[in-house]
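> Just a sequence and a predicted model for now, questions to come.
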Amino acid sequence: MAEKLTWEEIKKLYNQEWVELIDYDWADEDPDPRAGVVRVHAKTREEFDRLTDIDPPKDSAYVFVGELFAPGAGVQAFSSVVIEPL
């Protein structure tokens, strides 16, 4: 299994990429995870979706790391999305 990284490490290593986190620490009140193991990462959503479909875990979180809009658009943020298990 890969190493568990802090959110700061994930932001530095996977900026502008989609990541799937397993074994993650994410408090309900926090907008971003505190840490997690990156199982899959990709620069495009299409590639990311293809990779996450391969042997998916029971619990994971999909997160886009980086700016939501093009540079100069005036709005910048780090975005996080949690996918709840069925």
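Arrived safely, thanks for sending.
> The most centrally placed residue in the chain and Pro56, how far apart?
Per CA atoms, centre = their mean, the C-alpha nearest to the average position across the chain is that of Val63, at 2.7 Å. Using CB to CB, to the nearest Å, Val63 is found at 15 Å from Pro56. (Glycine included, C-beta is placed from N, CA and C.)
> coming back round to it: how much space between the residue nearest to the centre of the chain and Ile54?
Going from Val63 to Ile54 by CB to CB gives 18 Å.
> List of residues touching stretch 48-56?
Applying CB atoms under 8 Å, 6 or more residues apart in numbering, the set of residues contacting stretch 48-56 from outside is Trp18, Glu20, Val40, His41, Ala42, Ser60, Tyr62.
> Among the residues you listed, name the ones in strands.
Secondary structure assignment by DSSP state E places Trp18, Glu20, Val40, His41, Ala42, Tyr62 of the contacts of stretch 48-56 in strands.
> Including distance to Thr6 and pLDDT, could these go into a markdown table?
Output for the ones in strands among the contacts of stretch 48-56, formatted as a markdown table (distance: CB to CB, whole Å; pLDDT from 0 to 100):
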| residue | distance to Thr6 | pLDDT |
| --- | --- | --- |
| Trp18 | 19 | 97 |
| Glu20 | 17 | 97 |
| Val40 | 19 | 97 |
| His41 | 16 | 97 |
| Ala42 | 21 | 98 |
| Tyr62 | 18 | 96 |
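> Need the residues you listed in CSV (columns: distance to Ile10 and neighbour count).
Below are the ones in strands among the contacts of stretch 48-56 laid out as CSV (distance: CB to CB, whole Å; neighbours: other CB atoms under 10 Å):
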residue, distance to Ile10, neighbour count
Trp18, 12, 23
Glu20, 11, 22
Val40, 13, 22
His41, 9, 18
Ala42, 14, 17
Tyr62, 13, 17
